[in-house]
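K.L.:
sequence isn't available, so here's the structure alone:
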C-alpha cells in the first residue's frame, strides 16, 4: 500500500540527485531526518525500498514529489463507488448560478479594466503559478489573432495556414479560457500546451493503431459506437501516460489536463477533416466551411475536449494515490462515465437530424458545466478552508510567542529583584 513500481536502483539514484540538488551531505540530511547516516547510505547504494513514513518525511525536507523515491501518497479521501459523485454538490451554490457569477466576474473585468497584456503577464501564465488576473485577456487575444491569421491566409489563398489557424481557433482558445478561469493557479500554461500538442498527437496515433486491427464496421450505429469507445479510451490512456509521474491532488487539475488532451485531438482531427474536404472537392471554401461547422459544434458542447476533461476529472476523483494508474479504470464510476460519454460520442457520429444534434450538444454541454462547476466550487472551498486553517495556526503561533515574551519578562524582573 502506497508503493509504486520504481525499482530500488532508480529510487537510490533519485534520492541522491535530490539530496545533491539541495547541497546537503548525508550527515546533514540524516540530522534533519533524525536518523543515522548509515540508513541513508543503504537506501542510496544498497538498492533497498524506503519505508512509507520515512519517504514522506524525506520528500518534505528535500521538497519533491515522493513518487520519485517509490512512494505513492495516499490522499485523505475514500475511493467512491457512487457513479453520480461527480455531479453531487456539497455547497449551497447551484452550478448555473456559479457559472453566471463566474462569467460576469470574468468578462466584467475586461470592460472595467483597461489592462494591456505585457510580456510579464504572458510569461507568468506560461512558466509560473503566480496570480495575475481571472479575466480572459490572453484568451481574447489568442482568439482574435487566430481569426485574423485565418482571414488573411484565406484571402491570400494560403490553404495550410488557413486550415491550421481555423482548426486551432476553438480548441486552443477554449482551453486557454478555462486555464485563465482557474484561481489560484494549479498548473502552468507551458505544461498545458505540452499536453495539448503531445496529447493530441499520441491519442490520434493510438486511435489509428487500434483501427488497424478493428477496421471500420459497415453497420452505421455499431460502427459509430465503436468509434466512440475507441477514441475515448485512446484519449484517457494518453492522459494517464502523460501524467504517470505527476501527483494530481485535485480533480480540477485533471479536468484541465484532460481538456488539453481532448482539445489537441479536436484540433488535429479538424485539420484532417478540412484537408479531406479540400482533396475531395478541390475547393478551399468547402474546407473552410467544414472547419467552421465543426468548430461551431465544438463550441456549443460537442467535442473531445469536453468529454476527455470529464473523464480525466473522474479518474482523479476516484484515484486514492493521486498518481493515475491503469487500475483506476476498473472502478465502476469510471466505467459508467466512460460508457456514457462514448455513447454520446457514438450517437453524435450516427446522428443526421438537426434537432437531435442540438439535443446531444446541449446534454453534453450541461454535463460538462455541472461537473466543472462542482469541482471548481469544491476547490474554492478547499482553498478557503486551508487559508482559514493557516490563519488559525498563525494566530496560535503569535499567542505562544507573546506568552513566551511575558514569561521571559517576568523571569528577567525576578532575576533583577534577586540581584538587588
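P.N.:
Yep, that arrived. It should be emphasised that the depicted structure is a prediction, and the values quoted were computed from it without experimental measurement. Numbering: from 1, shown residues only.

K.L.:
which ones are touching residue 153?
P.N.:
Going by C-beta atoms under 8 Å, 6 or more residues apart in numbering, residue 153 touches 159, 161, 162, 165. Bear in mind the C-beta positions are built from the backbone N, C-alpha and C, glycine included.

K.L.:
wait, which of these is closest to residue 223?
P.N.:
Ranked by distance to residue 223 (C-beta to C-beta), these are led by residue 159 at 30.3 Å.

K.L.:
next one: the closest one from residue 197, what distance?
P.N.:
22 Å (C-beta to C-beta, to the nearest Å).

K.L.:
possible to save the contacts of residue 153 as CSV with neighbour count and distance to residue 33?
P.N.:
As requested, the contacts of residue 153 are exported to CSV (neighbours: other C-beta atoms under 10 Å; distance: C-beta to C-beta, whole Å):
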residue, neighbour count, distance to residue 33
159, 16, 62
161, 14, 57
162, 23, 60
165, 22, 54
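
K.L.:
which of the residues you listed fall within helices?
P.N.:
The members of these that map onto helices under DSSP state H are 159, 161, 162, 165.

K.L.:
right, and the third one touches residue 285 too?
P.N.:
Spelled out, it's residue 162. No: judged on C-beta atoms under 8 Å, residue 162 makes no contact with residue 285 at a distance of 10.1 Å.

K.L.:
near residue 229, how many other residues are there?
P.N.:
Residue 229 has 19 neighbours, counted by other C-beta atoms under 10 Å.

K.L.:
same thing with residue 326?
P.N.:
Residue 326: 10 neighbours (other C-beta under 10 Å).

K.L.:
ok, it to residue 336 distance?
P.N.:
From residue 326 to residue 336 the distance is 18 Å (C-beta to C-beta).

K.L.:
ditto for residue 259
P.N.:
20 Å.

K.L.:
compare those two (neighbour count), which wins?
P.N.:
Neighbours per residue, other C-beta under 10 Å: of residue 259 and residue 336, the larger number sits with residue 259, 31 against 15.

K.L.:
which phi and psi values does that one adopt?
P.N.:
Dihedral pair for residue 259: phi -60, psi -40, per degrees, to the nearest 10.

K.L.:
in this structure it contacts residue 304, no?
P.N.:
No: counting by C-beta under 8 Å, residue 259 stays clear of residue 304, with 9.3 Å between them.

K.L.:
tell me the pLDDT of the residue lying closest to residue 62 once chain neighbours are set aside.
P.N.:
Once flanking residues are discounted, residue 62 sits nearest to residue 18: 4.6 Å by C-beta to C-beta, 6 or more residues apart in numbering. In this model, residue 18 is scored at 78, pLDDT.

K.L.:
got the buried residues for the helix or strand harbouring residue 18?
P.N.:
Assigned by DSSP states H and E, residue 18 belongs to helix 8-21. For helix 8-21, a neighbour-count test (16 or more other C-beta atoms under 10 Å) marks 11, 12, 14, 15, 18, 19 as buried.

K.L.:
and what of stretch 148-161?
P.N.:
Buried, per 16+ other C-beta under 10 Å, within stretch 148-161: 149, 150, 153, 154, 158, 159.

K.L.:
one more: stretch 339-350?
P.N.:
340, 341, 342, 344, 345, 346, 347, 348, 349, 350.

K.L.:
show me what the mean pLDDT comes to for that stretch.
P.N.:
The model assigns stretch 339-350 a mean pLDDT of 89.

K.L.:
list the contacts of it.
P.N.:
Applying C-beta under 8 Å, 6+ apart, the set of residues contacting stretch 339-350 is 220-221, 224-229, 231-233, 302, 307, 310-311, 357, 360, 363-364.

K.L.:
quick one: buried ones out of those?
P.N.:
Buried among these by 16+ other C-beta under 10 Å: 224-229, 231-233, 302, 307, 310-311, 357, 360, 364.

K.L.:
tell me which of those is nearest to residue 178?
P.N.:
residue 310 (12.7 Å).

K.L.:
grab the nearest non-local neighbour of that closest one.
P.N.:
Leaving out its chain neighbours, residue 310 is closest to residue 371 (C-beta to C-beta, 6+ apart), at 5.3 Å.

K.L.:
confirm that residue 322 sits in a strand.
P.N.:
No: remark: residue 322 does not belong to a strand; assigned using DSSP: H, G, I helix; E, B strand; the rest coil, it is coil.

K.L.:
worst-scoring helix or strand of the chain, pLDDT-wise?
P.N.:
Every helix and strand of the chain was ranked by mean pLDDT, DSSP states H and E. The lowest is helix 119-127, at a mean of 52.

K.L.:
next SSE downstream of that one?
P.N.:
helix 137-155.

K.L.:
figure out how far that following helix is from the centre of its chain.
P.N.:
25 Å (C-alpha atoms, centre = their mean, to the nearest Å).
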